[in-house]
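A.B. asks: Sequence and predicted model, in that order:
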Amino acid sequence: MLLGFIQPVCYFIFETYGINSTSAAFSGVMIGMVPVVGLIFGILFLREKCSLLQGVCTVFSVFGVYLTTSGGFGNVSAKGFFLLFGAVVSAALFTILSRKTAEHFSAFERTYVMFLLGSAVFIPVAFFEGRSDFSAMFKTLSEPLFWISVLYLAVVSSVCAFLLINSALNHIPAGRTLIFSNFTTVISVLAGIFIMGDSFSTVQLLGIFIITVSVFGVSYKNQNQ
């Protein structure tokens, strides 16, 4: 139950409002801090070991995220910072709790409870925001693009993605699982270029290279233990 409360309830709230209160570049760098915090939590709470290579690659990946998001922070507010910091802590705690509860519950059970609690919280919130007007909640159901978006966001990038994460946490330490979250930045930039037609700079290419090397650096260590 605590796992489900931390992720998705706390994380989604902190991340959504945090991104809304600051710049996209700063949000990306803050979320990029998740592997660092997760690595520290893994050492403190799970007694996981951290090699020099793993620590260096984890910290270095944050610098890669900074470069990939074009290096500028833009408008940053104290409110946005603390909300995003809450998202970072929530994501790190989720990984620790999932790793810990893996001793008693399967990846499917953990994922099921997570999104059951998410539905129990966010559906009433949506109903409240709609001022009890059901038509406001369901007015977009007739639009095909809405269904495509919801199915992808809910099924693929949420349920399936977290099921894979929870499964991975059955086998590898929390700190090493989180390093892959920074690879999301690489995928996002590439998707923006090839799908949305976004511009691309040499600095972003350097950032992608740093993130990729960092991820493979941590994975290489993992394979040789």
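C.D. replies: Everything's here; your move.
A.B. asks: how about low-confidence regions in the protein?
C.D. replies: Along the chain, the model assigns pLDDT under 70 to residues 70-75, 130-134, 136-137, 220-225.
A.B. asks: how about the helices in it?
C.D. replies: In the chain, helices defined by DSSP state H lie at 2-4, 11-20, 24-31, 34-45, 52-68, 78-101, 107-129, 134-138, 144-151, 161-168, 174-178, 183-194, 202-223, listed in chain order.
A.B. asks: and the angle for the third one with helix 183-194?
C.D. replies: This means helix 24-31. Computed with axes from the mean of the first three to the mean of the last three CA atoms, to 10 degrees, the direction of helix 24-31 lies at 150 degrees from that of helix 183-194.
A.B. asks: mind listing what's buried in helix 24-31?
C.D. replies: Of all the residues in helix 24-31, those buried under the rule 16 or more other CB atoms under 10 Å are A25, F26, S27, G28, V29, M30, I31. C-beta coordinates here come from the backbone N, C-alpha and C atoms, glycine included.
A.B. asks: same deal with the last one?
C.D. replies: Of the residues in helix 202-223, Q204, G207, I208, I210, I211, S214, V215, G217, V218, S219, K221, N222 count as buried by neighbour count, 16+ other CB under 10 Å.
A.B. asks: Can I get those in a markdown table including distance to E103?
C.D. replies: Output for the buried residues of helix 202-223, formatted as a markdown table (distance: CB to CB, whole Å):
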| residue | distance to E103 |
| --- | --- |
| Q204 | 41 |
| G207 | 37 |
| I208 | 36 |
| I210 | 35 |
| I211 | 31 |
| S214 | 29 |
| V215 | 27 |
| G217 | 29 |
| V218 | 23 |
| S219 | 24 |
| K221 | 24 |
| N222 | 20 |
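A.B. asks: ok, back up a step: which of the helices of the chain is buried the deepest?
C.D. replies: Sort those by mean neighbour count, taking mean count of other CB atoms under 10 Å, and helix 174-178 sits at the top with a mean of 26.
A.B. asks: Show me what that one is packed up against.
C.D. replies: Under the contact criterion of 3 or more CB pairs under 8 Å, 6 or more residues apart in numbering; DSSP states H and E, helix 174-178 touches helix 34-45, helix 52-68, helix 78-101, helix 202-223.
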